[in-house]
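In: Take this sequence and fold it.
(one chain, ligands or ions: 2)
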Amino acid sequence: MFVRNSWYVAAQSDELGAAPLGRLILGEPVVFYRAGDGRAVALEDRCCHKRAPLHRGRVRGDCIACGYHGFEFDPSGACVRVPGLEQVPANARVRSYPLVERHRYLWIWMGDPTAARPEEIPDFHTNDDPRWAQTGTRLPVAADYLLMVENLLDLSHVGFIHAGTIGSDDTGAAIRWDSSGAQVVGVRSSIDIDTPPHNRKQGFAPRCDQTKVMTFLAASHVTIDITTVERPGAAADAGTQPRAMHIMLLNSITPETATTCHYFWSSTRDFAIADESITRFFHEMTVRAFDEDRVMIEAQQRIIDLDPVAPTVSVAGDLGGVQARRLVNRLIAQG
Ligand code: FES
Ligand SMILES: [Fe+2]
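Out: Ligands and ions are numbered 1, 2, ... in the order given. Model (predicted):
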């Protein structure tokens, strides 16, 4: 069971070139291709003739032609040509999905097309704003997407899973959670901690305050907004305002099936944006860290599969994940 009326990230823009791309989203086969003018299109990836996957076909102008017997479908999903037939059968069509290309992603709406409102796509502008640098990729994970959502909403795991990579000393930092509408927000404040090395490299004082704001945007996005501010009075030029640097982590975890997901992450920052060595550093560090999460979450999924109703105990740090699951269940019940 999934929330259907929601915008999901289906692909990174640059994953879709001239060739069609097939991908399972919420358990449904979807084919993506670019029409003649470059516009991205999403159709059911199941030919209405003999159910061959359309992604094995080829793009012809605005249409995609099935690779099996050549039926051609336009961007609305209507079959417009059947080789050897004068007249296309009236019921020959596949489903089409609302699709929007924005902020370097292809956003798909899997529910009622009449309810799709592009203005409700989350604001991921830091992913293509020239004042921000960004790096990211897609990580396939063999686990329920909500396990990854929970992981991102409970950063108390950082000191354990990531002890050898990004582990930090603020496991006990205070956190406040708040849930309203279709989001859950957690604020974690760490006062007077060691300044992270990448901020030190920019000339930051050795101690800083850091605020992490974790926002779950139902049904599948978790943003982590990290603000690092030099300790007051520690600024290099006495008398000036303490400097602040921002990192915005954009995480979109799209269910592939009930027990697999596509994890799209992007690490964006508003400092040293032209410094490719910092971009590389963030990319490599994040790839390593998220792979540590992936290994643990896939192992967790295998244990869950053995007995999905085995009892568990929740503690204070789980509050964000608990609220996120509650919200998702409520949206599923609303249909
Ligand atoms: S299966 Fe697609 S044309 Fe026959
Ligand atoms: Fe992690």
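In: gap between stretch 97-105 and the chain center?
Out: 13 Å (C-alpha atoms, centre = their mean, to the nearest Å).
In: Convert it to PDB, retaining C-alpha atoms only.
Out: Extracted C-alpha coordinates of stretch 97-105, given in PDB (Å, rounded to 0.1, in the frame of the first residue of the first chain):
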ATOM      1  CA  TYR A  97       1.300   9.800 -15.900                       C
ATOM      2  CA  PRO A  98       1.600  13.500 -15.000                       C
ATOM      3  CA  LEU A  99       5.400  14.200 -15.100                       C
ATOM      4  CA  VAL A 100       7.200  17.500 -14.400                       C
ATOM      5  CA  GLU A 101      10.900  18.200 -14.900                       C
ATOM      6  CA  ARG A 102      12.100  20.500 -12.200                       C
ATOM      7  CA  HIS A 103      15.200  21.000 -10.000                       C
ATOM      8  CA  ARG A 104      17.200  18.400 -11.900                       C
ATOM      9  CA  TYR A 105      14.600  15.700 -11.300                       C
END
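In: Pull out the buried positions in it.
Out: 97-100, 102-105 (16 or more other C-beta atoms under 10 Å). For every residue, glycine as well, the C-beta is placed using N, CA and C.
In: got it, and stretch 202-219?
Out: 204-205, 208-212, 214-219.
In: between these, which is nearest ligand 1?
Out: The closest of the buried residues of stretch 202-219 to ligand 1 turns out to be residue 219 (C-beta to the nearest ligand atom; 32.2 Å).
In: mind checking how far the closest one is from residue 127?
Out: 19 Å (C-beta to C-beta, to the nearest Å).
In: Show the contacting residues for the residue in the stretch 101-250 of the chain positioned nearest to ligand 1.
Out: At 22.3 Å from ligand 1, residue 108 is the closest residue in the stretch 101-250 of the chain, using C-beta to the nearest ligand atom. Shown in contact with residue 108 (C-beta atoms under 8 Å, 6 or more residues apart in numbering): 7-10, 25, 30, 42, 97-99.
In: show me what contacts residue 291?
Out: Residue 291 touches residue 139, counting by C-beta under 8 Å, 6+ apart.
In: can you confirm it is in a helix?
Out: Yes: looking at residue 291 with DSSP: H, G, I helix; E, B strand; the rest coil, it is inside a helix.
In: Quick one: name the residues of the protein near ligand 1.
Out: 47, 49-50, 52, 66, 68-71 (C-beta under 6 Å from any ligand atom).
In: Quick check: of the contacts of residue 108, which lies closest to residue 246?
Out: residue 9 (21.7 Å; C-beta to C-beta).
In: which helices and strands sit right next to the strand or helix carrying that closest one?
Out: According to DSSP states H and E, residue 9 maps onto strand 7-12. Here strand 7-12 touches strand 21-25, strand 28-34, strand 105-109, strand 133-141, strand 244-257, strand 260-269, going by 3 or more C-beta pairs under 8 Å, 6 or more residues apart in numbering; DSSP states H and E.
In: a markdown table please, covering the contacts of residue 108 and showing distance to residue 185.
Out: Formatted as a markdown table, these follow (distance: C-beta to C-beta, whole Å):
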| residue | distance to residue 185 |
| --- | --- |
| 7 | 19 |
| 8 | 21 |
| 9 | 20 |
| 10 | 26 |
| 25 | 26 |
| 30 | 31 |
| 42 | 31 |
| 97 | 29 |
| 98 | 27 |
| 99 | 28 |
